Structure formats: C-alpha cells, structure tokens
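Colleague: Please work out how this folds:
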Amino acid sequence: MPALSVVRAANLAAIPKYCPTALFLGGTSGVGQAVAEALAGATNGNAHIILCGRNKSAADKIIQSFPTPSGPPSTSTSTSTYEFEPCDATLMSNVRSTTASLLGRLNKLNYLVLTPGFLTLKGRDETSEGIDKKLALNYYARWRFVHDLMPLLEKAKAQGEEARVLTVLAAGTNGKLDENDLDLKKGYGLKAAGDSATAMNDLMCEDFAAQHPDMAFIHAFPGIVRTPMLMDFHWSLKPFIFMLRPFTVSPADCAQWMLYTLLDPQFSKGAFFR
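Modeller: Residues are numbered from 1 along each chain as shown. Prediction:
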C-alpha cells in the first residue's frame, strides 16, 4: 500500500460525484466503525450509510458523530442519510431476514463492507443452527450478505456507479482449508478456525469476481489494529498486547487504507487480496 499521506489524498480525490449507499456489517465497532466514519467524513456526509450489527446504542453514538450533508451543488443529497440495521449475524436465519428487509427497501448498494467478528480463546461454540460462532461471523454471514444483496450491487453497476465488496480478515496469510471437514466438526481448533475462514474468504472473492467481472471483491488484512476488541482482550494477554503497540495501527489510519480499496480506480473490477 502507498504511504498514508498519499492514500488520504487519493481518497479525497476519488470521492464519487453521486451519493453512494454503503452497508457496514460489523459497523458498530472496530475497523467497520472506523471505515464508516472515514467514508462519512470524506463525502462530507453526502452518503447513505447503514451500520448493521447488534449494538443500537453504539450505532446511535457513531451516527451522531457523522457530519451533516454539505456537499457541492453538483452532489445530490436527497438520499443522504445514516441509519442502523439490527442483526445478530451469528444466526443465518437473522441474516436472511435482514437481507430480505434491505432488498425490499434499498434501490442500490455501492459498497458492502464486512468486518464482523470477535476475539476469544474459547473452543468451538455452536449456535442453535450448528455453526461455530467464529466461523459464522468470519465467513458464513459474510458470504450470505454478498449473495443475498447482489441484486442491489447489480443495480448500482447498471446506473454506471461503483459496486465493491470489502471483507476484512486475514488476506495473504495463506490459510489452509480442510475440504473434508469444512465446518470443522471434527478437527476444530483456534488456528484451524482462523485458517479455514481466511481461505474461504479468499475463495469467496475469487468466485464472486468470476461470476461478476464488472465488480470488485476485496479481501484485506488490516494488520494489528488498536480496536476495542484487541485492547479489551483477556487480561492475561494485556502485557503481550502492550508490547505489540509499536507494531499496531490506529483504527482511523487503518480505515484510510481500507477506504482506499473502496475508492481507488485500480480496485474497480476483479478479486483483490491486500
């Protein structure tokens, strides 16, 4: 990636002239929140931003911090708005209900940003649907959102606008996938869960890009970001996390690099791994 100063300038130069619609699954905290804030700031509020997650009070505070739409005369602000869409994405039934609601009321989707997840040392923890919660958030819910909301992304492209999907996890870490145990019912472990989700996100981007060559599907690794999820991790690891601080990045800086993949022309079509 280019230097942060270069990325900031490029992001401001690449802001679309139209009012983009962006959905942030996992947007009430961490990297998702930071990217939503970066987009709201870069567009001067001339965007339709939807924060999707479980924490309405957190979403309300984030939305209150967003700028009031104040773009140039050429920029339409008629659809500029901020909203919260509730969804516990550990359950696929909830995901399907949420995507059905969004399909029924949105007329397009330009940016779909996927960042749900949590850190834990706990072993396999199945939902009532029989899916491990970490895998549910790190892969299954992400795939379902992309698959279900594809008609809205297609509508954006049909209008001559951008349609990009960004999934933030661990691109480039070469996760291994056990094709005989995809749901890890037999060989579950924290490393296996991480490797499997990483590999499946790679494959997801490749497959959707092959099916929709005029769209962009990006799998990004943000590095170690000083999010609440990291800083509030298990007390026994606090000293280790403190020692890692020189190698970490702030959510705001990370968001600029993530936003770069959503806005820069070089990422407009195809599958990308950053």
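Colleague: what are the ranges of the strands in the stretch 1-150 of the chain?
Modeller: For the stretch 1-150 of the chain, the strands defined by DSSP state E, counting those that start in this stretch occupy 21-25, 48-53, 81-86, 111-114.
Colleague: Of all these, which one is nearest residue 154?
Modeller: Of all the strands of the stretch 1-150 of the chain, strand 111-114 sits nearest to residue 154, with 12.1 Å by Cβ to Cβ. Heads up, the C-betas are built off the backbone N, CA and C, glycines and all.
Colleague: and that closest one, what does it pack onto?
Modeller: Helices and strands touching strand 111-114, by 3 or more Cβ pairs under 8 Å, 6 or more residues apart in numbering; DSSP states H and E, are strand 21-25, helix 30-42, helix 141-158, strand 164-168, helix 251-263.
Colleague: Output the fourth one in CSV, but only the C-alpha positions, please.
Modeller: As requested, the backbone C-alpha atoms of strand 164-168 are provided in CSV (Å, rounded to 0.1, in the frame of the first residue of the first chain):
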residue,chain,number,x,y,z
ARG,A,164,-17.5,-3.1,-4.5
VAL,A,165,-17.3,-5.6,-1.6
LEU,A,166,-14.7,-5.4,1.1
THR,A,167,-14.2,-8.3,3.6
VAL,A,168,-11.7,-7.5,6.3
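Colleague: List the pairing partners of it within its sheet, with orientation.
Modeller: strand 111-114 (parallel), strand 216-220 (parallel) (DSSP bridges).
Colleague: circling back to that earlier point, format the helices and strands packed on strand 111-114 as a markdown table; extra columns: distance to residue 86, mean neighbour count and mean pLDDT.
Modeller: Shown next, in a markdown table, are the helices and strands packed on strand 111-114 (distance: least, Cβ to Cβ, whole Å; neighbours: other Cβ atoms under 10 Å; pLDDT from 0 to 100):
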| stretch | distance to residue 86 | mean neighbour count | mean pLDDT |
| --- | --- | --- | --- |
| strand 21-25 | 12 | 26 | 99 |
| helix 30-42 | 15 | 24 | 97 |
| helix 141-158 | 14 | 19 | 99 |
| strand 164-168 | 21 | 26 | 99 |
| helix 251-263 | 23 | 23 | 97 |
